[in-house]
Structure formats: C-alpha cells, structure tokens
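# the sequence and its predicted three-dimensional model are supplied below.
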Amino acid sequence: MKTLEELLERCSFKTVGRSMNLDVSLINGELYISPLTTDINHHLDFALPSMKMVEACRADDFDFFQPFISAGKLTAENMHHAAERYYLGKTRSGRPIYWMIDETLDPQDARIVNPDNSDTWMSTLLKAREPFIQYWCPTHCLFGLHQLSTVNYQLSTNISIVESEQAAVVLSELFPESIWMAYATVAHLQVDLFAPLEGRTVTLFPCTDPYMSNYLFFSDLAAAVHKQYPSIHITVDPILEDNATDEQKSRCIDLVDFLFEGQPLQKVQEV
C-alpha cells in the first residue's frame, strides 16, 4: 500500500494547490492545507488574461514592420508607437502576441503567431497550465477595440477593419485618421462582435480572392450588422476587387500586400 506521502506526490496536490494559492503539505502523516503567503490577486492576474499579463510581455520591435521601414514607408518610431498603442507583446521565443482587449480595457484573449504562420490562442495555453480554469469559456472581441476608450478618438472617427492584426497595426501608422481593427479569423466573426461600434461609421476591407467570394461574404455580413444595429453605418470597400490584378487575387492578398506591392497610398486615401 502506498503511503499518503507517495500519493501526495503522485497526485501533484502541491501543484494543484499552488494553482489555487494554497499550500498543501504532509506533517506527521496528516494533510494540512493553508493559504500561500503570496497575493492571490496577483496569481489570478496571471491565470486569466489581465492587464498585468499584457504588461508583462510588452515589446516594441517586430519583424513584420521591417519591410515597410526598409522601403521608407514607415520608421522605427512608427513601429514603437503602434506597438505601444496596440499593447503588442512577444513570447519568450519572440513570437508576436496580439491581445484582444475590449473597450473597457479588459483583455479577453490573445492570438500568438507561430513561425509557420499558424496560430495559438492564449486561452488554450492558459487552460493547459491552470487546471482550475478548464471550464472557462473565453470571449473574443475585435483586435484594437480598446482604442475606443481613448479620449482622442471621437464618435465621428471612422472605423476601418481588416483581417489580420498585423495589417491593422501597419495601416494605423499609414492612415492614422481612422481607427484600425482586425477580426483575426472568420471563425470568430459574429454580428454581436460589432455591438461596441454602435453609432459609428465602419468600413470593412476584406482580403480578395479569384471568385469575389470573400467580398460577397462581407457584404452579407455588413447587411446583417446594419439590420441588428441600425446606428452602425457599415460598408465593404471594393478597392481590392476593383484594382487588384488576377495574379494578386489568386494569392488572396490583403490591403497591406496591395500597398506594399507598389500601389500609391493616395489611392486608398481617395476612397
């Protein structure tokens, strides 16, 4: 028969206890449980997404900016400014972290971009690390939504939405007159996601494709959003459908690709 001490080690009670801010120990054959001396609020701030977690991984140097800096379209100062505004972070291995922070500055989740361009969600990593949050169901919001909490952006400021967070960050420096956001993945796109944008003018910039299917999908989405939230004036910009070449459409380029491949910036400004 195994001793209580052996069972304690095998079941990892100490590890589970620490995750709940409890000290689990065996003294003279008896099990004792007591609060740890560390601040439980501090632990919870790193068990679920929080601004403390966001601040702990902040960074301001990102490879995806370098082609624009090399081409003279952006500067290192632009990169640092955008990274600060969007609370961009990095993992220990240098992978970008794109935080989804809502309009009340409450972090919901984050997308981590892997070297092979696949992604990992912060919520998945946290659930694997913290057994007691297995049943937590994270919610998502538009990337960049937290900018609505900034007094510098009035209700009249237009909202521009693209697919990738990287594109939103870059475009925010190229065209700072708009608030740039991203939906990150079509799988998370729901009409309710647009609720915080009531009363605003919103323009969607979907990626292009050879069959115009993405443009039509977002046209239907815009109609559904306006039906549920009539105060949102939402349109789908046709700049890629009207101006991208067949070769570009075959690669399903986005607005940033379109600009970087030689399209004059004023063409977007005139739309």
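Arrived safely, thanks for sending.

# can you give me the distance of residue 257 to residue 118?
Per C-beta to C-beta, to the nearest Å, residue 257 is found 19 Å from residue 118. Any C-beta I mention is one placed from the backbone N, CA and C, and that applies to glycine too.

# my bad, residue 93
Residue 93 is 14 Å from residue 118, by C-beta to C-beta.

# if I pick residue 104, what's in contact with it?
Contacts here follow C-beta atoms under 8 Å, 6 or more residues apart in numbering; on that basis residue 104 touches residue 149.

# mind checking the SS state of residue 219?
Using DSSP: H, G, I helix; E, B strand; the rest coil, the structure places residue 219 in helix.

# pLDDT score assigned to it?
If you check residue 219, the pLDDT there is 97.

# now do the strands in the stretch 151-271 of the chain.
All strands of the stretch 151-271 of the chain, identified by DSSP state E, counting those that start in this stretch, fall at 159-162, 179-182, 201-204, 233-236.

# nearest to residue 132, of the ones you listed?
Nearest to residue 132, of all the strands of the stretch 151-271 of the chain, is strand 179-182, at 31.4 Å by C-beta to C-beta.

# the closest residue to residue 181 other than its chain neighbours - how many residues pack around it?
With C-beta to C-beta, 6 or more residues apart in numbering as the criterion, residue 181 has its nearest non-adjacent residue at 3.8 Å, and that residue is residue 144. Burial of residue 144 is recorded as 26 neighbouring residues (other C-beta atoms under 10 Å).

# what does residue 137 give?
Neighbours around residue 137, by other C-beta under 10 Å: 5.

# gap between residue 211 and residue 147?
Going from residue 211 to residue 147 by C-beta to C-beta gives 33 Å.

# which one of those two is surrounded by more residues?
residue 147 (19 against 9).

# thinking the more buried one is in contact with residue 84, fair?
No: at 11.9 Å, residue 147 does not count as touching residue 84 under the criterion of C-beta atoms under 8 Å.

# can you give me the helices for the stretch 151-271 of the chain?
Secondary structure of the stretch 151-271 of the chain (DSSP state H, counting those that start in this stretch): helices located at 165-174, 213-228, 239-243, 246-250, 255-260, 265-270.
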